[in-house]
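K.L.:
missing the sequence, but the structure's below:
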């Protein structure tokens, strides 16, 4: 839904013309998070290729990207098309490429976008070459390919030390339609780390996997200009070895409770929250019923193994101060239940007196990507007032 | 995203012009599910007030609703506004009403929609009366109110036997802006039942709660025309006692794995699925990587306590036949991992040979409401071909 047309900016977050639930974005916190990230990379002489899958918004991307043209990373071709239409011309599509997606990729490249893709399978390289035979025009330049590496057994990618790495490189090299640009890896295992030293070690592991693969590729006579690594936890808690050329990360401008749990930030850095209205009370167990269910918060349980008491989000007052001893314990489609955490101090006077129906609260999310994806716009919060509405896109 | 403009109907689900992931809706299965539900209610002399929070689509609602004008149930005012603009005039907004939402409710009523709301708190009734004093015009008729009852300790609502029931009724009666229309309850606890007899008992409990509350209200001199109950499991597995006037349910046209697990239906009744493309392989553990992650499937874990091996969905071939021994074990944003279930028979020849990159599969969802909410359209499947695209709305 587009924002209600009768909303006049600036407005307070408890303005009844602002329907709840809705997504708030604290502009100062976001700016602080972006500055911290860029400073940390600059100290290492590294450049960011921010992952725009988290924000999916050009207004946010303008503040995140190094230049209006990029570089940027995306997770869907819909994102690539949206950002390209808004002037971003250097984009890496960092989800495994398949032949059925080639036509849209070529359309973007013909429109002037330097769109690169990733591959981790020799069979797929062959299928892509076959599809390219049908779809390439005379004027088309070779499609830049990054080889996806598995640095931590997390998801997908080639073993940097395995035979298949060179087989895929050879298949790419053999195709007149494909060109080898480099290697790419992502330490998704960082989300399962239990201390920050592990995460820092994983950053080194990410970098070393890229460097090892690049050396083997170069040794076999291939070019390998790009060594792309990154995740928000490894990028912020670690340092990369010499040789890495760019860092991808998506959550860092917004942060979330998962980043707090991993030790990447504290709750006062979380820029994203869901504004919600109290719609009822359960006096029998001291709980509030709010109009933010999973449709507004998403169903991500964050680091539930380490922090089960966090539930589906951290309730805060309207000014963003966490309400100690409370959590979102249950989410239905349009109902959230905010309850006292077991074993914590009681949260003060009876909740139903403090927050009658119609009162508003904010909820910090477990996972910025998932919660933001439930909304079509950010309501931008500046010094306690909502001053703008930024669109988000979705789909594929 | 709107469907790709270059898609021509009918098309096959493996047409590369159809981007994946996308949502498929099997029209014949949906029609069968709707007919079953309506027959079951007709045998009891009951009428449906379908909950449109699951479909959020007028094209689907036309097939679900008894008449083009309703009756219908919604979970957001955005749904109410969308369905009202499409000719549905009898709508119950079945999420606790708050004063800040009154202006939009009144706008809908002034436009000719008989929109009713629900309440479960005497304080909220007073706040609503105060807001109505400011917002009502001379021509406005009283806002119809249903008292929300708690029949199973699941979420919210008044105790049918408690003092507060009569206090809220008195507060509604005392306001010239509010009118008591009846009572409403929902047996959300049905989703935690472990056998169908428990669910049938819960249907009786739902009905008896409504009847008990209605008798007490009538005894205190109030009107109570509507006794509204329902959930898909209780409606289909139980029968309601005499006195209930309408049944609300939302999932039944689509069905999902949760309904299969509760014994409400079998997988061949599930009308909704996510079409996905294989984008990679993990030969080390015999897994497929597909382009349906949680962005396409949602993060609902369904009945994980009873059926942990179901993961995030049930993989099927393109014609909808389940692939035995496989499940979606992991979901990242745009990656799903389809792995063999531990302890089950191996799923036949190596998956990477059977399903090379670019192959397509379908995934039956855990929870129809959550998975459908991740998409902006249904691709309607008729005899194996996609014949239409139906829009969905979202937001609040």
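P.N.:
Structure received. Model, not experiment: these values are computed from the prediction.
K.L.:
got a pLDDT number for the residue lying closest to residue A:382 once chain neighbours are set aside?
P.N.:
Sequence neighbours aside, residue A:27 is the residue nearest to residue A:382 in space, at 5.0 Å (criterion: C-beta to C-beta, 6 or more residues apart in numbering or on different chains). C-beta here means a position set from N, CA and C on the backbone, and glycine is covered the same way. Here the pLDDT value assigned to residue A:27 is 98.
K.L.:
looking at it, residue A:27 is touching residue A:381, isn't it?
P.N.:
Yes - the criterion here is C-beta atoms under 8 Å, and residue A:27 meets it with residue A:381 at 6.5 Å.
K.L.:
with neighbour numbers in mind, choose between the two.
P.N.:
Using other C-beta atoms under 10 Å in any protein chain shown as the criterion, residue A:27 and residue A:381 rank with residue A:381 on top: 25 against 18.
K.L.:
report the buried residues of the helix or strand harbouring that one.
P.N.:
Per DSSP states H and E, residue A:381 falls inside strand A:377-382. Judged by neighbour count using 16 or more other C-beta atoms under 10 Å in any protein chain shown, the buried positions of strand A:377-382 are A:377-381.
K.L.:
listing partners with orientation, what would you give for that strand?
P.N.:
If you go by DSSP bridges, strand A:377-382 pairs up with strand A:22-26 (parallel), strand A:385-391 (antiparallel).
K.L.:
pLDDT value on the closest residue to residue A:390 other than its chain neighbours, please?
P.N.:
Once flanking residues are discounted, residue A:390 sits nearest to residue A:59: 3.8 Å by C-beta to C-beta, 6+ apart. Note on residue A:59: pLDDT of 98.
K.L.:
check residue A:305 too.
P.N.:
83.
K.L.:
list phi and psi for it.
P.N.:
phi -70, psi -40 (degrees, to the nearest 10).
K.L.:
what does residue A:206 give?
P.N.:
Main-chain dihedrals, residue A:206, degrees, to the nearest 10: phi -60, psi -50.
K.L.:
thinking again about what came up before, need the residues that contact the strand holding residue A:381.
P.N.:
Strand A:377-382 is contacted by residues A:2-3, A:10, A:13, A:18, A:22-28, A:57, A:59-60, A:275, A:372, A:386-392 when judged by C-beta atoms under 8 Å, 6 or more residues apart in numbering or on different chains.
K.L.:
what do you get if the cut-off is 7 Å, keeping everything else the same?
P.N.:
Contact partners of strand A:377-382, identified using C-beta atoms under 7 Å, 6 or more residues apart in numbering or on different chains, comprise A:3, A:22-27, A:57, A:60, A:386-392.
K.L.:
tell me which of those is nearest to residue B:116?
P.N.:
Closest to residue B:116 out of the contacts of strand A:377-382 is residue A:22 (24.6 Å), distances taken as C-beta to C-beta.
K.L.:
residues contacting the closest residue to that closest one other than its chain neighbours?
P.N.:
Excluding the flanking residues, the one nearest residue A:22 by C-beta to C-beta, 6+ apart is residue A:275, at 5.2 Å. Listed by C-beta under 7 Å, 6+ apart, the contact partners of residue A:275 are A:13, A:20-22, A:24, A:360, A:362.
K.L.:
out of those, which sit inside helices?
P.N.:
Assigned to helices by DSSP state H, none of the contacts of residue A:275 qualify.
K.L.:
return the member of the residues you listed nearest to chain B.
P.N.:
Of all the contacts of residue A:275, chain B sits closest to residue A:21, with 6.0 Å by C-beta to the nearest C-beta.
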